[in-house]
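Participant: fold the stuff below for me.
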Amino acid sequence: MKIGIDIGGSHIGVGIVNDKGKIVSKKEQDLKFDKDMKEVDIKQYIRDTIITNISEVLRTVGSPICLINKIGIATPGRVKNGVIKNAFNLGIREINLAKELEEYYGVPITVRNDAKCAGIAEKKFGALTFYEDAVFLCIGTGIGGATFYGGSLVEPKRNEGSEYGHMIIKKDGNVCKCGNRGCFETYCSMKSFKKQIIENFDLEESTNSKEILEFVKNRFTNSKINDIIDLYIDDLILGISNIVNIAEPEIICFGGSFVHYKEVLFNRLVQRLQNTAYNFDVPKLVLGTLGNDAGMIGAAI
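Facilitator: Take a look at the predicted model:
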């Protein structure tokens, strides 16, 4: 039995995944961090949440822990030798989560960047199945990426690479959690887009993603809404142009919570790229077919 764990910037998902990439059972839980939590407390909270949710999904299908033969973890940040580093959106500088869980469960634990996991899932079971040279762009709390050449994931020896969210698109721009200024994800993450809507329309900070999506959909003729969307698309195209000029993919697949904004953002992005001349060859653009389950599925593969 394989367990896939997806640690997002705002939630943790745990699922039992079969050999066909289908989730048999899953449990998702929002992460609620206390403002005064220290890094050591955040680490313990994440570890405990994972263990609790694994127990929940096993209970759902009536399976004992002893049937688990692999646990895979998809996580924000950089991963090397099973150690998670610089997971800025979680407030974690370094954690050896694999070692801790291996000691608890006594089974092999694999850890990989969440965007890489989601990209692997889309390559094997989703929108990228029939493409050799591809980029998977995960747009959610942050922006992550996975690059494929000749059908295989590009895996540099030094670090995992494809950190598209931290390429600079604006010199001396807004400060990113990584410490740099003007990072792509600072302007084009879904967190950034939602923040713009909340601040410009004086919405409650607690307004959730679903409520923001409905708010925007119901005000498509509002000039301020359209200005925010246009500016977001401008920045997104700038990032895409950099990716295309460097990686030259046949296709770019968008994942993360961005997939829920097809009518609001994706369709307008495609329309702009089709109707405007740019100094790069626009590849095929698609939305991921596995949704937010992609990271969980890829972690278990």
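Participant: when you work out contacts or count neighbours from here on, use the C-alpha atoms and nothing else.
Facilitator: Fine.
Participant: now do the helices in the protein.
Facilitator: Using DSSP state H, the helices of the chain run over residues 39-61, 97-105, 114-125, 184-188, 190-200, 209-217, 223-247, 267-275, 294-300.
Participant: as a markdown table, those helices with mean neighbour count would be great.
Facilitator: Putting the helices of the chain into a markdown table (neighbours: other CA atoms under 10 Å) gives the following:
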| stretch | mean neighbour count |
| --- | --- |
| helix 39-61 | 16 |
| helix 97-105 | 15 |
| helix 114-125 | 27 |
| helix 184-188 | 26 |
| helix 190-200 | 17 |
| helix 209-217 | 14 |
| helix 223-247 | 16 |
| helix 267-275 | 14 |
| helix 294-300 | 31 |
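Participant: of all the ones you listed, which one is nearest G161?
Facilitator: Nearest to G161 among the helices of the chain is helix 114-125; the distance by CA to CA comes to 9.5 Å.
Participant: for the closest one, list the C-alpha coordinates in PDB.
Facilitator: Backbone C-alpha positions of helix 114-125 (Å, rounded to 0.1, in the frame of the first residue of the first chain) are rendered in PDB as follows:
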ATOM      1  CA  ASP A 114       5.800  19.400  -4.500                       C
ATOM      2  CA  ALA A 115       5.800  20.900  -7.900                       C
ATOM      3  CA  LYS A 116       8.100  18.000  -9.100                       C
ATOM      4  CA  CYS A 117       5.700  15.500  -7.700                       C
ATOM      5  CA  ALA A 118       2.700  17.100  -9.400                       C
ATOM      6  CA  GLY A 119       4.600  17.300 -12.600                       C
ATOM      7  CA  ILE A 120       5.500  13.600 -12.500                       C
ATOM      8  CA  ALA A 121       1.900  12.700 -11.900                       C
ATOM      9  CA  GLU A 122       0.700  14.800 -14.800                       C
ATOM     10  CA  LYS A 123       3.400  13.300 -17.000                       C
ATOM     11  CA  LYS A 124       2.500   9.700 -16.100                       C
ATOM     12  CA  PHE A 125      -1.300   9.900 -15.700                       C
END
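Participant: packing partners of it?
Facilitator: When contacts are defined as 3 or more CA pairs under 8 Å, 6 or more residues apart in numbering; DSSP states H and E, helix 114-125 sits against strand 70-75, strand 134-139, strand 143-149, helix 294-300.
Participant: returning to that earlier point: tabulate the helices of the chain (TSV), appending mean pLDDT and distance to I84.
Facilitator: Formatted as TSV, those follow (pLDDT from 0 to 100; distance: least, CA to CA, whole Å):
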stretch	mean pLDDT	distance to I84
helix 39-61	92	11
helix 97-105	90	7
helix 114-125	96	11
helix 184-188	97	20
helix 190-200	96	22
helix 209-217	93	27
helix 223-247	96	25
helix 267-275	95	33
helix 294-300	96	14
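Participant: distance to L285 added to the ones you listed, as CSV?
Facilitator: CSV is the format used below for the helices of the chain (distance: least, CA to CA, whole Å):
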stretch, distance to L285
helix 39-61, 34
helix 97-105, 35
helix 114-125, 14
helix 184-188, 17
helix 190-200, 18
helix 209-217, 21
helix 223-247, 10
helix 267-275, 7
helix 294-300, 18
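Participant: quick one, which of those gets closest to C176.
Facilitator: helix 184-188 (5.8 Å).
Participant: give the other helices and strands that that closest one contacts.
Facilitator: strand 143-149, helix 190-200, helix 223-247.
Participant: now these as TSV including distance to I169?
Facilitator: Below are the helices and strands packed on helix 184-188 laid out as TSV (distance: least, CA to CA, whole Å):
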stretch	distance to I169
strand 143-149	13
helix 190-200	15
helix 223-247	7
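Participant: closest to A127 out of these?
Facilitator: Among the helices and strands packed on helix 184-188, if distance is taken as CA to CA, the winner is strand 143-149, at 13.1 Å.
Participant: now what about that closest one, what contacts it?
Facilitator: Where contact means CA atoms under 8 Å, 6 or more residues apart in numbering, the residues beyond strand 143-149 that reach it are 114-116, 119-120, 132-138, 153-154, 162-166, 184-185, 188-189, 247.
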